[in-house]
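1. Next one to model:
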Amino acid sequence: MIVKLLSYNIRFGGRDREAALAEVIRNAAPDVVVFQEAIHPEVIEHLAGSTSLPIWAARRKHSIGYISRLPVAHHEWHYPAGAKHSFLEIVLEGSESRIFGLHLSARFSKWSERQRAREIQSLLKSIERYQEGFHVLVGDFNTLAPGEILDARRMPAWIRALIWVSGRDIQRETIKVIADAKYADGYRFLHPEEKGYTFPVWDPHLRLDYVFLPERFSARLTACEVIRSELAAKASDHFPLLMKIEI
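-> Next comes the predicted model:
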């Protein structure tokens, strides 16, 4: 079964932007949407109804939520030690495959990067029992992959100051931790030369949104695209990431 999965940071809960968000989702026609910053359950419920993805879950002040047109056998929020946000486990009915939605700590500095690295290490430790089965990690990782350029001149002044005092660049520990655990960077696997910028929509120059899957299953990701439409640029500060996965 091919599942169309959309990862979408909807910015501050998406309130008062429900119509634009719903149109972006309808145009993408996903089977499942994993949200970040889904802090208002009533917004997620509204999006579920207006996009014909009627199965949904969200918790107030929890970043991760989802909507789905496919039956879900199980979903559960997990709380890794030291993480700012919980992560969400989703199991589709009739499958042992798992979708893990996550949202790592924000801000750009060597200190916040160390925090993100600790968060992802804690998450990977907590899902060790699923390592032999197919699963994906998807969401807003708030970091750059090794080798990707950070143009600090395009960042807000307060972020430029953080970067400057922490060494004039940011460390790239988080994505290295995931790569060392034998996960493939899905977008980069399919698009080795494309930038894939997802943030910010008014001046895209950062790739913060990712999908990772175990390297031995990388061929199961058959498509992965950034939706950079004019409407998406009005709906949130992140462009969503749409992927097709063989479950």
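
2. Following the helix or strand bottoming out on mean pLDDT in the chain in sequence, what is the next regular element?
-> Within the chain, no helix or strand scores below helix 157-165, which has a mean of 52 by mean pLDDT, DSSP states H and E. Downstream of helix 157-165, the first helix or strand assigned by DSSP states H and E is helix 173-180.

3. The helix or strand containing residue 120 packs against which elements?
-> Using DSSP H and E, residue 120 maps to helix 110-126. Other helices and strands packing on helix 110-126, by 3 or more CB pairs under 8 Å, 6 or more residues apart in numbering; DSSP states H and E, are helix 173-180. In this view, the C-beta of every residue, glycine as well, is placed from N, C-alpha and C.

4. tilt between the helix it packs on and helix 110-126?
-> 30 degrees (axes from the mean of the first three to the mean of the last three CA atoms, to 10 degrees).

5. got the buried residues for helix 173-180?
-> Along helix 173-180, these residues count as buried under the neighbour rule (16 or more other CB atoms under 10 Å): 173-175, 177-179.

6. in the helix holding residue 120, what's buried?
-> Within helix 110-126, the residues that qualify as buried are 112-113, 115-124, 126, counting by 16+ other CB under 10 Å.

7. Likewise for stretch 231-247?
-> 232-233, 235-236, 238-245, 247.

8. As CSV, could you dump the C-alpha coordinates of stretch 227-238?
-> What follows is stretch 227-238, C-alpha atoms only, in CSV (Å, rounded to 0.1, in the frame of the first residue of the first chain):
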residue,chain,number,x,y,z
ILE,A,227,4.9,22.1,-1.5
ARG,A,228,6.0,25.6,-2.4
SER,A,229,2.8,27.1,-3.6
GLU,A,230,1.6,30.7,-3.3
LEU,A,231,-1.2,29.5,-1.0
ALA,A,232,1.2,27.6,1.2
ALA,A,233,3.2,30.8,1.6
LYS,A,234,0.2,32.4,3.1
ALA,A,235,-1.0,29.6,5.3
SER,A,236,2.1,29.1,7.6
ASP,A,237,5.7,30.0,8.0
HIS,A,238,6.8,26.5,6.9
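
9. now what about it, what contacts it?
-> Applying CB atoms under 8 Å, 6 or more residues apart in numbering, the contact partners of stretch 227-238 are 8-11, 14, 17, 20-21, 23-24, 27-28, 36, 140, 198-202, 204, 208-209, 239-242.

10. Stretch 5-18 too?
-> By CB under 8 Å, 6+ apart, stretch 5-18 touches 21, 24-25, 28, 30-40, 43, 46-47, 50, 99, 101, 103, 136, 138-140, 209, 211, 234-238, 240-245.

11. any idea how far it is from the chain center?
-> Stretch 5-18 has its C-alpha centroid displaced from the chain centroid by 12 Å (CA atoms, centre = their mean, to the nearest Å).

12. okay, it in CSV with CA atoms only?
-> Only the C-alpha atoms of stretch 5-18 are listed here, as CSV (Å, rounded to 0.1, in the frame of the first residue of the first chain):
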residue,chain,number,x,y,z
LEU,A,5,2.0,11.5,4.1
LEU,A,6,2.2,15.2,4.7
SER,A,7,4.3,16.8,7.4
TYR,A,8,3.2,20.3,8.2
ASN,A,9,4.2,22.9,10.8
ILE,A,10,1.1,25.1,11.0
ARG,A,11,2.6,27.9,13.1
PHE,A,12,1.2,28.8,16.6
GLY,A,13,-1.6,26.3,16.3
GLY,A,14,-3.0,27.6,13.0
ARG,A,15,-5.9,29.6,14.5
ASP,A,16,-7.6,32.0,12.0
ARG,A,17,-5.8,30.4,9.1
GLU,A,18,-7.9,27.2,9.0
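
13. Tell me the buried residues in that stretch?
-> Neighbour-count burial for stretch 5-18 [16+ other CB under 10 Å]: 5-11, 13-14, 17-18.
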